[in-house]
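Colleague: build me a structure from this.
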Amino acid sequence: MYSKIKVLLTFLITLSSLAKINVVTTTTDIAWLAGQVGGEHVEVKSLLNGTENPHFVEALPSFIHKVASADVFCVVGLELEAAWANKVLKRAGNKKVQSGNDGYCDASHSVEVLDKQEVALDRSHGDVHSAGNPHYHLGPSYMAMAAKEILSVLSKADSKNSKAFEENYNTLVKNLKDLRNREIKSLAQVKDLNFMEYHKEFTYFFKDYELNNLDSVEEISGVPPSAARIIKVVNEIKNKKIKFILATDSAPRKVLNKIVEMTGVKIIISPLSIIDYKSSNAYNALQDNLIKQILESK
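Modeller: Just a heads-up that it's a prediction; the model follows:
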């Protein structure tokens, strides 16, 4: 009898040691980061699939179900998911992942944030985040910063594997640094050209790769430009010899096509987020696709 109990206890201990941390993230970009840092010790699920606009999402029952069983819940932060993530957290009723508890992860806490506003802004100012621009994932250096916060939260959730997490983190940081250095060399041939973005989604990308970003097409972030704004943008493109406008899939093609028709500016379209976040090469692929388009259109 004693031997059976001993075998059962050994089995339960072994099973417990093999259990993975259940990490749920809001976006695929943060899911990819968590997977890279957590490695074999985490099971990562993203609430979004990478094709949605993360500003405008409903608190779906499937989201609530996933967060209810999570060990760690990780957000981009900087108010990106403010309209829906808090509702998901509240309805999930999972104490360990509520804001302020050890299972809650705001990846922006370790990021050197751009575009911070001096005063709080309401929705009349458009899709503007007073805490700063939340689209840091398109800059490799800023992704490395976000990974540091994920490392900290995972190490608290599973201290016995903290060494493995730190080794994974160090490898990730090196890979992101190598990616940036490689792409900077590629982009040297367009370093003197002027860029614009449709929405302020590429600000960290421009900053990280030392490119000249002069303006955004939107006057009020998240609000389609008026006819008067389009004329102003057209004049700016002509006067400042802007070569490229970077935009994501959600940007209105009719507006972009009108600007192209009037100026001949090159439009570079990129997905905002990673799609296949379980692929170790997914982030490199996202960056490579964007940069390849720029270089081929120069």
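Colleague: in which helix or strand does Val173 reside?
Modeller: Assigned by DSSP states H and E, Val173 belongs to helix 162-187.
Colleague: now do the helix or strand that comes right after that helix: which elements does it pack against?
Modeller: Following helix 162-187 in sequence order, the next helix or strand is strand 194-197 (DSSP H and E). Contacts defined by 3 or more C-beta pairs under 8 Å, 6 or more residues apart in numbering; DSSP states H and E place strand 194-197 against helix 203-208, strand 212-216, helix 227-239, strand 242-248. For every residue, glycine as well, the C-beta is placed using N, CA and C.
Colleague: so which of the ones you listed is nearest Ser155?
Modeller: Nearest to Ser155 among these is helix 203-208; the distance by C-beta to C-beta comes to 25.6 Å.
Colleague: same for the closest one, what does it pack against?
Modeller: helix 140-157, strand 194-197, strand 212-216.
Colleague: off-centre distance for the second one?
Modeller: It refers to strand 194-197. Distance of strand 194-197 from the chain centroid (C-alpha atoms, centre = their mean, to the nearest Å) equals 21 Å.
Colleague: tell me the strands beside that strand, with direction?
Modeller: Strand pairing for strand 194-197, using DSSP bridges, gives strand 212-216 (parallel), strand 242-248 (parallel).
Colleague: that older thread, turn the helices and strands packed on helix 203-208 into CSV, columns for distance to Leu89 and mean neighbour count.
Modeller: Rendered in CSV, the data for the helices and strands packed on helix 203-208 read as follows (distance: least, C-beta to C-beta, whole Å; neighbours: other C-beta atoms under 10 Å):
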stretch, distance to Leu89, mean neighbour count
helix 140-157, 15, 22
strand 194-197, 31, 22
strand 212-216, 31, 17
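Colleague: pick out the residue closest to the middle of the chain.
Modeller: Nearest to the mean C-alpha position of the chain, by C-alpha atoms, centre = their mean, lies His137 at 3.8 Å.
Colleague: where does that residue land in three-state SS?
Modeller: What DSSP: H, G, I helix; E, B strand; the rest coil gives for His137 is helix.
Colleague: domain map for this structure?
Modeller: As assigned by automatic domain parsing, the chain contains the domains 13-173, 180-297.
Colleague: give me the mean pLDDT for the shortest one.
Modeller: When the per-residue pLDDT values of domain 180-297 are averaged, the result is 96.
Colleague: endpoints of that domain, how far apart?
Modeller: Domain 180-297 has an end-to-end distance of 20 Å (criterion: C-alpha to C-alpha, to the nearest Å).
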